[in-house]
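Novice: Mind looking at a prediction? Sequence and model below.
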Amino acid sequence: MLDIRFVRENPEAVKENIRKKFQDAKLPLVDQVIALDAEYRAAIGEASDLRANRNKLSKQIGMLMGQARKDPAKAAEAEEIKKQVTAQADRLKELEAKEGELQARIQEIMYQIPQMIDPSVPIGPDDSHNVEVQRFGEPVVPDYPIPYHVDIMESFHGIDLDAAGRVAGNGFYYLLGDIARLHEAVLAYARDFMIDKGFTYVIPPFMMHGDVVKGVMSFPEMDAMMYKIEGEDLYLIGTSEHTMIGRFIDQMLDGSKLPITLTSYSPCFRKEKGAHGIEERGIYRIHQFEKQEMIVVCKPEDSMDWYEKLWRYSVELFRSLEIPVRQLECCSGDLADLKVKSCDIEAWSPRQQKYFEVCSCSNLGDAQARRLRIRYKDEDGKPRLAHTLNNTCVAPPRMLIAFLENHLQADGSVTIPAVLQPYMGGKALLVPDRK
C-alpha cells in the first residue's frame, strides 16, 4: 500500500505505474482517493478549529458565569454562548463521523492501488512476458522415457490419490514409504541449509486473523487462495510468510537489530481456483502441501541486496541437489499488487523438456509494513517503515517432481545426492517395488 501523501504529490507517476501493470480500470481510483483525501483533510481542519473555538468559548462561559453574580445580564450572555457550544458540538460530532467514513473509504481504495514497481521490472501484461535471466546447471533429456511423476511414485508404492479423494476430495494425497521419507528429508535438509546461512528456524501459527490477511496480501490473492474458518475470524495460511510477517504487526523494531532473517516451516492451504491440465494434477497444484520459507525484515536501503541473496540461496539449494534451474524475472503484469520486484526459480523437467516454477522470490518494499504498521527506530530515533521480503526455500510436492524426474534411472531406481543421504538413513539409491 502506498503512502497517501505520495499519491497526492505524484498522481501521474502512480497512474503510469498502474498502466505498466495493465490495470487501467484502476486509473480513476487515483483521482477518487485524492478527492476523498482533500475532503478528509478539510474535515480534520474544520474539526480542529471547532475544538479550539470550543475551548475558547468554554473559558468565556466560565468568566461570564463568575461575573453573573454582580451582573445578571452576564448570565444571559453565557447562555447564548452555551447554545453556540452545543451547536458546534453537534457539528463536531458530524465531522468526527465523517472523518471515520472518509478514512475507511480512502483505505479501501488505497488497498487497491498497486505498489510502485522497481524500474528494473520488465513490462508485460502476463506471465508469458516473463524474462529468462540465466540458467544454472545443464538440462538433460535422457535416452529413456521419464514417466509422469505420479507413476514414478506409484512404482515405489509411495502415493495414494484414490484414498485421498475418498477422504478429502481432489487436490489431496497420501505419501507413503520412501517417497514420504524423501518429502521430509528435503524439508529437513532445507531447514538446515538455511540455518547454516544464519537464518533462525521458526514454526509459526498455521491460522491468522483477518486483519493480518489484509496486511500481507491483496484482495484478489485473498479471494483466490484463502480458506476461512466458518464462524470465526480465522483463516488457514496459504504460506508461512503470512504469519511470519504478521508476527511484527504494530511493532516498533530496534533498527540496530535489523535485518531479521528467518526460515519457517508450515503446512500451506490453498483453494487453487482454476487449476487444470495434466501437469497440474497429481501433486503439482494441490490444496494442501508443506513448505520451507525464507523471510527477511530489513531497512529499505538493504532490501535489494537481500532480494539478490534470497533467490541465489534457492539456486544454491537446488544445485546442491543436482537439479538444473533457471531464474525468470517476473514482468509487471505478473506481479501481485504488493510486490516491488519478483522472480521465479524454475526447475528443469526432463519429462516435459521445459522448466516449471519451484520457488518465488519477492521484494514487497514497505507495502506489508505500511498495512501492518511495522516500523523501526534508526540511529536518529525517527520511526521508519521496514521492508519485507520472502522466498520459497522448498515446497516438496513440486520439489519431489523435479527431484524424481532428474534422478530417475533407466531401471526405475532413483539416486540420492550426497547432501541428502544423511536425511535418508544413508541410502544412496531408492529401488522401486515394481516397474
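Specialist: That came through fine.
Novice: just the helices in the stretch 151-300 of the chain please.
Specialist: Per DSSP state H, counting those that start in this stretch, the stretch 151-300 of the chain carries helices over the ranges 161-167, 177-196, 210-216, 219-225, 241-246.
Novice: which of those sits most buried?
Specialist: Ranked by mean neighbour count under mean count of other C-beta atoms under 10 Å, the helices of the stretch 151-300 of the chain are led by helix 241-246, which reaches a mean of 25. C-beta: built from backbone N, CA, C; applies to glycine.
Novice: So which of the helices of the stretch 151-300 of the chain is nearest residue 232?
Specialist: helix 210-216 (9.8 Å; C-beta to C-beta).
Novice: how about the nearest residue to residue 260, chain neighbours excluded?
Specialist: Closest residue to residue 260 apart from its sequence neighbours, by C-beta to C-beta, 6 or more residues apart in numbering: residue 297 at 4.3 Å.
Novice: That neighbour is in contact with residue 386, isn't it?
Specialist: Yes. Judged on C-beta atoms under 8 Å, residue 297 makes contact with residue 386 at a distance of 5.2 Å.
Novice: where do the contact lists of the two overlap?
Specialist: Counting by C-beta atoms under 8 Å, 6 or more residues apart in numbering, the contacts common to residue 297 and residue 386 are 248, 253, 258, 374.
Novice: Kindly reformat the helices of the stretch 151-300 of the chain as a markdown table containing distance to residue 314.
Specialist: Output for the helices of the stretch 151-300 of the chain, formatted as a markdown table (distance: least, C-beta to C-beta, whole Å):
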| stretch | distance to residue 314 |
| --- | --- |
| helix 161-167 | 28 |
| helix 177-196 | 10 |
| helix 210-216 | 21 |
| helix 219-225 | 21 |
| helix 241-246 | 14 |
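Novice: Out of these, which gets the lowest mean score?
Specialist: When these are ranked by mean pLDDT, helix 219-225 comes last with a mean of 77.
Novice: Put the alpha carbons of it into CSV.
Specialist: Extracted in CSV, the C-alpha atoms of helix 219-225 (Å, rounded to 0.1, in the frame of the first residue of the first chain):
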residue,chain,number,x,y,z
PHE,A,219,-7.7,-8.9,-2.1
PRO,A,220,-7.6,-10.8,-5.4
GLU,A,221,-5.0,-13.1,-3.9
MET,A,222,-7.1,-13.5,-0.7
ASP,A,223,-10.2,-14.5,-2.6
ALA,A,224,-8.3,-17.0,-4.9
MET,A,225,-6.3,-18.6,-2.1
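Novice: Remind me what that helix packs against, helices and strands.
Specialist: Counting contacts by 3 or more C-beta pairs under 8 Å, 6 or more residues apart in numbering; DSSP states H and E, helix 219-225 is packed against no other helix or strand.
Novice: quick check, distance from it to the centre of its chain.
Specialist: Computed by C-alpha atoms, centre = their mean, to the nearest Å, the chain-centroid distance of helix 219-225 equals 11 Å.
Novice: what's the neighbour count on the residue nearest to residue 260?
Specialist: As a burial measure, residue 297 scores 26 neighbours (other C-beta atoms under 10 Å).
Novice: swap in residue 414?
Specialist: 22.
Novice: what's the answer for residue 13, then?
Specialist: Count around residue 13 with other C-beta under 10 Å applied: 13.
Novice: residues touching it, list them.
Specialist: Per C-beta under 8 Å, 6+ apart, neighbours of residue 13: residue 116.
Novice: Look up how far residue 2 lies from it.
Specialist: 10 Å (C-beta to C-beta, to the nearest Å).
Novice: Give the residues shared as contacts by these two.
Specialist: With C-beta under 8 Å, 6+ apart as the test, residue 13 and residue 2 both reach residue 116.
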